[in-house]
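S.K.: Structure for the following, please:
(one chain, ligands or ions: 1)
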Amino acid sequence: MWNERYNEEEFIYGTKANDFLQQVYQHIPAKGHVLCLAEGEGRNAVFLAKQGYEVTAVDMSEVGLTKAKKLAEERGVHITTQVADLTEYDFGTKKWDGIISIWAHMPKPARERVHQQVVTSLKPNGVFILEAYTVEQPKMDGIGGPPASKPEVFMSLAGLRQELSGLEETIGVEKQRDVQEGKMHQGLSAVVQFVAVKK
Ligand SMILES: C[S@@+](CC[C@H](N)C(=O)[O-])C[C@H]1O[C@@H](n2cnc3c(N)ncnc32)[C@H](O)[C@@H]1O
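M.R.: Numbers count the residues shown, from 1 in each chain. As a prediction, this is how the structure comes out:
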């Protein structure tokens, strides 16, 4: 499904990094190693590489990550890409200074496994940054997010606090905001934003 969606010249989420990531990325220790989960066409990975981080982008879509490599080359930065299903991906132990999860929606058991791995694979002082749609999103005017028929795929602040209880929360908020990301994410949207640090 994602390979088909990405199989066009246009970057469907645009080439500009996610707004929330741009606001908070400096929580991640400077020049650290950052893992971008479900990174798609690479806009966030390329942004972080531009800021001096060593970036690895993982996604199940090889078409998306091929576009990510192309974007990195165009912008004159290096990113490492790995085509993998995050439900089987080995995150390592105390390996990352930062992990980024932007619209990385997946079924609850998969998400819980991924979040467990986030906790164990962050180094001490490593930072996790997430933005996701909440279950309110299908009622909003904005375009984007999982279908209303899959409520368990949305995220909530309460759920994140539970799944990521091994981290210390720095920012945790559910809010509505205008999202402008390519043709796929447009308009007033219901999101959860989360930043937490490994102690
Ligand atoms: C809404 S897109 C977001 C892409 C990117 N994070 C961004 O903000 O531009 C969701 C991405 O999640 C990826 N994805 C979904 N489930 C996955 C899984 N189990 N393993 C790896 N990638 C997955 C898809 O391939 C897709 O690129």
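S.K.: What segments of this protein are strands?
M.R.: Using DSSP state E, the strands of the chain run over 33-37, 54-59, 80-83, 96-102, 122-133, 168-181, 185-197.
S.K.: Among the ones you listed, which comes closest to H27?
M.R.: With Cβ to Cβ as the measure, strand 122-133 is the member of these nearest H27 (4.7 Å). Placement of C-beta: from N, CA and C, glycine included.
S.K.: The closest one pairs with which strands, and in what direction?
M.R.: Under the criterion DSSP bridges, strand 122-133 sits next to strand 96-102 (parallel), strand 185-197 (antiparallel) in its sheet.
S.K.: can you tell me if the last one touches the ligand.
M.R.: No - contact of strand 185-197 with the ligand is not found when judged by Cβ under 6 Å from any ligand atom; the minimum separation is 7.8 Å.
S.K.: highest average neighbour count across the strands paired with strand 122-133?
M.R.: Per residue and on average, the most neighbours among the strands paired with strand 122-133 fall to strand 96-102, with a mean of 25 (mean count of other Cβ atoms under 10 Å).
S.K.: average model confidence for it?
M.R.: Strand 96-102 comes out with an average pLDDT of 98.
S.K.: pull the CA atoms of it into CSV?
M.R.: Below are the C-alpha coordinates for strand 96-102, written out as CSV (Å, rounded to 0.1, in the frame of the first residue of the first chain):
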residue,chain,number,x,y,z
TRP,A,96,20.2,6.2,20.2
ASP,A,97,20.5,9.8,21.3
GLY,A,98,17.1,10.5,19.7
ILE,A,99,14.2,8.6,18.3
ILE,A,100,11.5,10.3,16.1
SER,A,101,8.0,9.1,15.5
ILE,A,102,5.9,11.3,13.2
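S.K.: Touching that strand from outside, list them.
M.R.: Among residues not part of strand 96-102, those counted as contacts by Cβ atoms under 8 Å, 6 or more residues apart in numbering are 18, 20-21, 25, 27-29, 32-39, 44, 48, 53, 91, 114, 118, 121-123, 125-132.
S.K.: confidence score at P109?
M.R.: At P109, the pLDDT value in this model is 97.
S.K.: can you check M1 too?
M.R.: M1 carries a pLDDT value of 87.
S.K.: Give me the distance between Q193 and M184.
M.R.: 19 Å (Cβ to Cβ, to the nearest Å).
S.K.: Next: L157.
M.R.: 24 Å.
S.K.: Measure how buried the closest residue to K199 other than its chain neighbours is and give me the count.
M.R.: Once its chain neighbours are removed from consideration, K199 has its nearest residue in E168; the separation is 5.2 Å (Cβ to Cβ, 6 or more residues apart in numbering). Each residue near E168 was counted by other Cβ atoms under 10 Å, and the total is 10.
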